[in-house]
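S.K.: my questions concern the predicted model and sequence given below.
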Amino acid sequence: MLPELPESVADGEIAAIYEELKTLCAIPYVSSMQRHLATRPGWLEWAWAAVAPAFRSHVAQSAAWGAVEGDDLSLPALPKLNRTRLRQLGVSEQGAAAIGNVCMSFIRVSPTNLMFSGLVRGFLEPTGVASAPWDGPRSTPPSMLPSLPAMVSIETLSGPVQASVRAAFEVEVAGAPFVPGLYRMLAQWPGFLHHLAVVLGPRMTEPQTVRTCARLCARIDAVVPLVLATLPPPPPPPEPGAARDVVAAIERYRITSPQMVVYCRLIAASINGL
């Protein structure tokens, strides 16, 4: 799987960046995008130094959240799950609440990840096109979400469940197989995750779903240059020759991040009201 530096072993400057990211985005975990950058010597430190002023001023989060707020997905709902069906899938009422919280966390963090990656890409591959600085409203930080369930290694799932999860959700990032953190958290409930692989997996490649995800990404892409214009040029990256590889890695996240918003809204709606 794609290498990541877990929060549990991070120390020094990396640990400080992790904590600041969680505080500024009001989320209880660090995204796999930053955890991957942390495995590339000096890259997370450089990237955070470059984009942090926009996050510390809450410009980046406000622009990202505002860009997707109120977007009508216009997608068919997933099958509704009542308490009985959830119990059959191994999910208690407390588990359903935890799943809803997981979805809320990804809905909140994914737009900021798109902003983070867009800003980093803008510095590494500048277009030379000038933009006026973003001057929209700045949101006050929301309340911190509760702690999330630990991620489960996909390799520990039973053969049939693992096969269905890989077939439905595994992608390639920087030449390595990658299962987004959402599904690794939901693997706490293997029956439920298998259900999602069956009902959500086929929907992911439908043209309407693909267009919806692309639209969300485009809405954030449209405000990235405005936020970028508020930032000073950063120093040279730690290894300029690796910039293309870094951009390739974060571009993959720019595909999965809008998916997380769309899919988590669908998942949360399927268990809503329990």
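M.R.: Thanks, I have it.
S.K.: kindly export stretch 203-218 (C-alpha atoms) in PDB.
M.R.: C-alpha atoms of stretch 203-218 as PDB (Å, rounded to 0.1, in the frame of the first residue of the first chain):
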ATOM      1  CA  ARG A 203     -22.300   3.500  -8.900                       C
ATOM      2  CA  MET A 204     -18.800   5.100  -8.700                       C
ATOM      3  CA  THR A 205     -18.200   4.700 -12.400                       C
ATOM      4  CA  GLU A 206     -21.600   5.800 -13.600                       C
ATOM      5  CA  PRO A 207     -21.400   9.000 -15.700                       C
ATOM      6  CA  GLN A 208     -23.700  11.000 -13.400                       C
ATOM      7  CA  THR A 209     -21.600  10.200 -10.400                       C
ATOM      8  CA  VAL A 210     -18.400  11.000 -12.200                       C
ATOM      9  CA  ARG A 211     -19.800  14.300 -13.400                       C
ATOM     10  CA  THR A 212     -20.900  15.200  -9.900                       C
ATOM     11  CA  CYS A 213     -17.500  14.500  -8.400                       C
ATOM     12  CA  ALA A 214     -15.800  16.500 -11.200                       C
ATOM     13  CA  ARG A 215     -18.200  19.400 -10.600                       C
ATOM     14  CA  LEU A 216     -17.300  19.600  -6.900                       C
ATOM     15  CA  CYS A 217     -13.600  19.500  -7.700                       C
ATOM     16  CA  ALA A 218     -14.000  22.200 -10.400                       C
END
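S.K.: can you give the contact residues for it?
M.R.: 68, 71, 73-76, 78, 111, 114, 168, 254-255, 257-259, 261-263 (CB atoms under 8 Å, 6 or more residues apart in numbering). C-beta: built from backbone N, CA, C; applies to glycine.
S.K.: using the three-state scheme, assign the closest residue to Leu21 other than its chain neighbours.
M.R.: Once flanking residues are discounted, Leu21 sits nearest to Val30: 5.8 Å by CB to CB, 6 or more residues apart in numbering. Three-state call for Val30 (DSSP: H, G, I helix; E, B strand; the rest coil): coil.
S.K.: okay, Val30 and Pro202: tell me how far apart.
M.R.: 31 Å (CB to CB, to the nearest Å).
S.K.: so for the two, which sits in the more crowded spot?
M.R.: Val30 (25 against 11; other CB atoms under 10 Å).
S.K.: one step back: whichever of the contacts of stretch 203-218 end up buried, select them in PyMOL.
M.R.: To isolate the buried ones among the contacts of stretch 203-218 in PyMOL, judged by 16 or more other CB atoms under 10 Å, type:
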select buried, resi 68+73+75+78+111+114+168+254+257+258+259+261+262+263
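S.K.: quick one: which of the contacts of stretch 203-218 sit in helices?
M.R.: Residues of those located in helices (DSSP state H): 68, 111, 114, 168, 254-255, 257-259, 261-263.
S.K.: just the closest of those to Pro41, please.
M.R.: Distance to Pro41 across the ones in helices among the contacts of stretch 203-218 (CB to CB) is lowest for Arg254, with 22.9 Å.
S.K.: what strand or helix carries the residue lying closest to that closest one once chain neighbours are set aside?
M.R.: Of all residues not flanking Arg254 in the chain, Ser117 sits nearest, at 5.4 Å (CB to CB, 6+ apart). Per DSSP states H and E, Ser117 falls inside helix 93-124.
S.K.: and that helix, how far from the chain's centre?
M.R.: Offset of helix 93-124 from its chain centre (CA atoms, centre = their mean, to the nearest Å): 4 Å.
S.K.: over to stretch 37-49?
M.R.: The answer for stretch 37-49 is 18 Å, by CA atoms, centre = their mean.
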